[in-house]
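Asker: Predicted model and sequence follow; I will ask about them next.
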Amino acid sequence: MGKTGRVTDSFSPTDAAPGRSGTGQGEASAYIELCRDQWRQLASTAPLPLTQADVEKLRGLGDPIDLAEVDVVYRPLTALLQEYIATSRQRARQIAGFLGVPETPTPFVVAVAGSVAVGKSTTARLIAHLLSRFEATPHVALVTTDGFLLPNAVLEERGLTARKGFPESYDRRALLGFVSAVKSGAPRVEAPVYSHSVYDVVPGEHVVVQRPDVLVLEGLNVLQPAPRGRWQTDGEPSSALAVSDFIDFSIYVDADPQDIRRWYLDRFLTLKRTAFRDPGSYFRRYATIPDDIAVAAAKEVWETVNLANLRENIEPTRGRATLVLRKDANHHMSHVLLRKS
């Protein structure tokens with residue numbers, strides 16, 4: 001590839017096989033592809049208001065991201081988001097002027113999707129933190145869709161315990177209502193809170209969102225289209241709307257499934273020696289058993305739950321993303337694909 005961006009003919013987010021680019025030559029693509037060096041050159045036009053200490057606070061467990069990686073990846077990304085936000089606001093002003101109605105500012109919604117252990121939580125936290133440093137977007141809210149998982153008791157009642165994290169394991173109606181209310185400009189909206197230690201939704205605990213400039217919504221299935229019956233568990237007709245209908249810019253964090261598997265197992269071992277030792281941890285039982293037995297159990301969970309969910313539900317939504325952030329085996333961004341406007 002040369003030194004300037006090009007329209008890719010070697011990657012189809014919808015059709016490419018998992019973990020690798022497509023190989024068709026000359027096929028049409030909806031994306032512009034930039035390699036790491038091309039993307040890095042864009043960083044000079046964006047500020048970097050973070051220190052290494054900031055990065056260490058924001059990165060997720062097992063994600064080795066450092067200040068240099070933030071400089072290469074997230075300076076250009078947040079500057080690009082500012083362009084999209086400015087364009088969105090300008091369009092809203094023009095439409096309000098055309099209609100002769102008062103302009104009503106609404107939050108710009110950024111979604112971050114991807115597999116378990118791929119680093120999407122770190123991506124979401126960094127984006128939220130950096131966007132809040134811009135004068136145009138000082139108020140940024142970050143919400144994870146984990147809080148909208150059905151409580152464990154409900155999952156057990158519906159026979160969905162082994163499918164936790166799959167689309168049908170979420171309170172889709174509540175999640176849709178939350179995003180719709182935020183996007184409509186509601187003054188105060190609450191989202192439930194999930195505890196990874198307890199492995200369940202925390203009763204009575206909420207995060208409050210109050211008319212942010214930007215809402216960053218992070219989760220496995222935020223790019224899912226509206227369901228067509230197969231995820232319905234309450235007997236009610238499915239809505240024609242999906243959370244993705246309220247998203248202004250979406251990011252899919254992508255990597256080879258074999259790399260994600262390794263990151264997942266590495267993170268599991270780290271948790272086994274740290275957080276799992278907490279007496280209140282749902283996974284306390286793994287803290288005291290030999291590593292090989294614990295890892296065997298983690299491998300089974302990866303194959304039967306996380307990889308299955310990735311292949312069946314998460315990865316198929318990659319082609320719906322505005323931007324695909326592709327990682328190499330070392331958790332470093334290798335290239336970026338941006339949907340043509």
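Answerer: Received, thanks.
Asker: alpha carbons only for contacts and neighbour counts from here, please
Answerer: Fine.
Asker: tell me which residues in stretch 165-178 are buried?
Answerer: Neighbour counts over stretch 165-178 (16 or more other C-alpha atoms under 10 Å) mark G165, F166, P167, E168, S169, Y170, D171, R172, L175, L176, F178 as buried.
Asker: what's the pLDDT at the fourth one?
Answerer: This means E168. Confidence at E168, expressed as pLDDT, is 95.
Asker: Helix, strand, or coil at it?
Answerer: Classification of E168 by DSSP: H, G, I helix; E, B strand; the rest coil places it in helix.
Asker: which secondary structure elements does the helix or strand where K57 lies contact?
Answerer: Remark: K57 resides in helix 52-58, with elements defined by DSSP states H and E. With contacts defined as 3 or more C-alpha pairs under 8 Å, 6 or more residues apart in numbering; DSSP states H and E, helix 52-58 has these neighbours: helix 67-99, helix 120-131.
Asker: now the angle from the longest one to helix 120-131?
Answerer: When you say that, I think you mean helix 67-99. Note on geometry: by axes from the mean of the first three to the mean of the last three C-alpha atoms, to 10 degrees, helix 67-99 and helix 120-131 are set 70 degrees apart in direction.
Asker: C-terminal to helix 67-99, what's the next element?
Answerer: Following helix 67-99 in sequence order, the next helix or strand is strand 108-114 (DSSP H and E).
Asker: Could I get the full set of helices for the protein?
Answerer: Using DSSP state H, the helices of the chain run over residues 36-41, 52-58, 67-99, 120-131, 152-157, 172-183, 257-273, 284-287, 291-301, 307-309.
Asker: Give the rounded mean pLDDT of the helix holding K57.
Answerer: On average, helix 52-58 scores 78.
Asker: For that helix, list every residue counted as buried.
Answerer: For helix 52-58, a neighbour-count test (16+ other C-alpha under 10 Å) marks V55, L58 as buried.
Asker: Please enumerate residues in contact with it?
Answerer: Contact partners of helix 52-58, identified using C-alpha atoms under 8 Å, 6 or more residues apart in numbering, comprise I65, D66, L67, V70, T122, R125, L126.
Asker: Show me just the buried residues among these.
Answerer: I65, D66, L67, V70, T122, R125, L126.
Asker: need these in a markdown table with pLDDT, can you?
Answerer: Formatted as a markdown table, the buried ones among the contacts of helix 52-58 follow (pLDDT from 0 to 100):
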| residue | pLDDT |
| --- | --- |
| I65 | 79 |
| D66 | 82 |
| L67 | 83 |
| V70 | 85 |
| T122 | 91 |
| R125 | 92 |
| L126 | 91 |
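Asker: closest to V222 out of the helices of the chain?
Answerer: helix 172-183 (9.7 Å; C-alpha to C-alpha).
Asker: In contact with G280, which residues are there?
Answerer: For G280, the contacting residues are S197, V198, by C-alpha under 8 Å, 6+ apart.
Asker: again, but for E218
Answerer: Applying C-alpha under 8 Å, 6+ apart, one finds that E218 lies in contact with A111, V112, A113, K120, S121, A124, L142, V143, T144, T145.
Asker: now, which of these sits nearest A28?
Answerer: A113 (24.2 Å).
Asker: wait, doesn't that closest one sit right on S244?
Answerer: No. The pair A113 / S244 is not scored as a contact, 10.9 Å apart, by C-alpha atoms under 8 Å.
Asker: Between those two, tell me which one has more neighbours.
Answerer: Neighbour tally, A113 and S244, criterion other C-alpha atoms under 10 Å: the higher count belongs to A113, 30 against 21.
Asker: tell me which residues form a beta bridge with the nearest residue to the more buried one once chain neighbours are set aside?
Answerer: Closest residue to A113 apart from its sequence neighbours, by C-alpha to C-alpha, 6 or more residues apart in numbering: Y252 at 4.8 Å. With DSSP bridges as the criterion, Y252 is bridged to A113, V324.
Asker: Y252 and V112 touch, don't they?
Answerer: Yes. In this structure, Y252 is within contact of V112 by C-alpha under 8 Å, at 5.9 Å.
Asker: Now do the shared contacts for A113 and S244.
Answerer: Contact with both A113 and S244 is made by residues V222, L223, according to C-alpha under 8 Å, 6+ apart.
Asker: what comes up buried for stretch 305-322?
Answerer: Applying 16+ other C-alpha under 10 Å to stretch 305-322 flags 305-307, 309-310, 313-322 as buried.
Asker: Let me know the closest of the residues you listed to Y264.
Answerer: Minimum distance to Y264 across the buried residues of stretch 305-322 is 9.6 Å, recorded for N306 (C-alpha to C-alpha).
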